[in-house]
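> Okay, predicted coordinates and the sequence, questions at the end:
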Amino acid sequence: MTHAALPSIAFISLVLVAGVYQGMENERWHSSSNVADAARRLENVPRLLGDWKGQEQPLNIGDLTHLGIRGHMSARYRNSTTGDVVTVLIVCGRPGPISVHTPDVCYRTAGYTAAGEIHAKEIPIEGGKKRSVWAQWFRRPATQAASQIEVNWAWLANNEWVAPDNSRLSFAGFAAIYKLYVVRELPALESNRKRDASALFLHDFLPALEKVLAPSR
């Protein structure tokens, strides 16, 4: 299985392990114009960002609305200059099913093992500003090639991407939120891991997403 399939694994696990319980608990799965509008904005996610070019990677896992997922976008982005590749997944819905459950839950369910602790990353963006995301390294299952990945994730709230300590409480008052996953392969050599392709990608991607996904300012 290639790195292009990674978001599918994590997403399916996220839904199966966490989504049903959380949605039933919150009882917030009824239709909402705010949620529908938020889901439609995913159509505007850019596929071209400077040297980055995205190719859509459909999940093909059926209707997700009964699981609290009102919209999603999955793509593989490649940098034409450096050759760096990242895989992106964005999901949208009400805070209950979208705000909780970090990749340490869903990736482990898919057979991955943690190769490091969850840690915060500061992503510099335009205008001297910064955005925070969570990140964690994982080893692939033994049945796959012996390699490691890094998963980055954050939520869009109040028109900017954030990584709060308690996402469930932080987003309880929102009508709809987005959750972003960005996955990269970790180079085999430790000396090559200082180059963070995901951070370079997020530098361009996060501001672009804020422009197309955030409601009118």
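Alright, I've got the coordinates. Numbering: from 1, shown residues only.

> Alpha carbons of the host helix or strand of residue 185, as PDB, please.
Per DSSP states H and E, residue 185 falls inside strand 177-186. Extracted C-alpha coordinates of strand 177-186, given in PDB (Å, rounded to 0.1, in the frame of the first residue of the first chain):
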ATOM      1  CA  ILE A 177     -15.800  23.000  12.000                       C
ATOM      2  CA  TYR A 178     -13.100  21.600   9.700                       C
ATOM      3  CA  LYS A 179     -10.300  19.200  10.700                       C
ATOM      4  CA  LEU A 180      -7.200  18.900   8.600                       C
ATOM      5  CA  TYR A 181      -4.700  16.000   8.300                       C
ATOM      6  CA  VAL A 182      -1.400  16.400   6.400                       C
ATOM      7  CA  VAL A 183       0.800  13.200   6.200                       C
ATOM      8  CA  ARG A 184       4.400  13.000   5.000                       C
ATOM      9  CA  GLU A 185       6.900  10.200   4.600                       C
ATOM     10  CA  LEU A 186       9.900  10.400   7.000                       C
END
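
> Over to the nearest residue to residue 95 once chain neighbours are set aside: give its phi and psi.
With CB to CB, 6 or more residues apart in numbering as the criterion, residue 95 has its nearest non-adjacent residue at 4.1 Å, and that residue is residue 171. Just so you know, the C-beta spots here come from the backbone N, C-alpha and C atoms, and that holds for glycine as well. When read as degrees, to the nearest 10, the backbone of residue 171 gives phi -110, psi 10.

> Just checking the distance from the longest helix along the chain to the centre of its chain.
In the chain, taking DSSP state H as the definition, the longest helix is helix 197-213. On the basis of CA atoms, centre = their mean, to the nearest Å, helix 197-213 sits 12 Å off its chain's mean C-alpha point.

> what's the answer for stretch 187-204, then?
Remark: stretch 187-204 is offset 17 Å from the chain centroid, using CA atoms, centre = their mean.

> As PDB, could you dump the C-alpha coordinates of it?
Output in PDB follows, covering the C-alpha atoms of stretch 187-204 (Å, rounded to 0.1, in the frame of the first residue of the first chain):
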ATOM      1  CA  PRO A 187      13.300  10.000   5.200                       C
ATOM      2  CA  ALA A 188      15.100   6.800   6.200                       C
ATOM      3  CA  LEU A 189      18.200   8.800   7.200                       C
ATOM      4  CA  GLU A 190      17.900  10.800  10.400                       C
ATOM      5  CA  SER A 191      20.100  13.500   8.900                       C
ATOM      6  CA  ASN A 192      17.500  14.100   6.200                       C
ATOM      7  CA  ARG A 193      14.600  14.600   8.600                       C
ATOM      8  CA  LYS A 194      15.400  18.200   9.400                       C
ATOM      9  CA  ARG A 195      13.800  19.100   6.100                       C
ATOM     10  CA  ASP A 196      10.100  19.200   7.100                       C
ATOM     11  CA  ALA A 197       8.100  18.900   3.800                       C
ATOM     12  CA  SER A 198       4.800  19.100   5.700                       C
ATOM     13  CA  ALA A 199       5.800  22.400   7.400                       C
ATOM     14  CA  LEU A 200       6.800  23.800   4.000                       C
ATOM     15  CA  PHE A 201       3.500  22.800   2.500                       C
ATOM     16  CA  LEU A 202       1.500  24.100   5.400                       C
ATOM     17  CA  HIS A 203       3.200  27.500   5.100                       C
ATOM     18  CA  ASP A 204       1.400  27.900   1.800                       C
END
